[in-house]
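Enquirer: Below is the structure, and that's it, no one-letter string:
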């Protein structure tokens, strides 16, 4: 679990809303891709292939791109679900005083 200061920062950044699990998975994928990219640019032998990058560098960039797509899908899916919940909560009952 997160310690209290980290949890408070996360709540402040997210506006108090829960961060979707799929968005967390995408963020973790991006972090992994960035570390992979850093290692490829720093330690891989300078083999130049397509477009001036080695195949490992292309793969690292692809991992980051896939992570971005996962975050986007998670945010959109959560928005669609929360819109459905909000519309049900805001409905007025049939016997409401008008």
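Expert: Right, received. Where do you want to start? Note that the structure is predicted; figures quoted are calculated from it, not measured.

Enquirer: quick one: buried residues of stretch 33-48?
Expert: 33, 36-37, 40 (16 or more other CB atoms under 10 Å). Any C-beta I mention is one placed from the backbone N, CA and C, and that applies to glycine too.

Enquirer: Nearest to residue 83 among those?
Expert: residue 33 (30.2 Å; CB to CB).

Enquirer: top helix in the protein by residue count?
Expert: Secondary structure assigned by DSSP state H gives helix 55-89 as the longest helix of the chain.

Enquirer: hang on, the earlier thing: turn the buried residues of stretch 33-48 into TSV, columns for secondary structure.
Expert: Converted to TSV, those look like this (DSSP: H, G, I helix; E, B strand; the rest coil):
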residue	secondary structure
33	helix
36	helix
37	helix
40	helix
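
Enquirer: Make a markdown table from those and add distance to residue 13 to it.
Expert: Shown next, in a markdown table, are the buried residues of stretch 33-48 (distance: CB to CB, whole Å):
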| residue | distance to residue 13 |
| --- | --- |
| 33 | 21 |
| 36 | 25 |
| 37 | 24 |
| 40 | 29 |
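
Enquirer: which stretches of this protein have low pLDDT?
Expert: Residues of the chain that meet the criterion pLDDT under 70 lie in 1-3, 48-51, 84-98.
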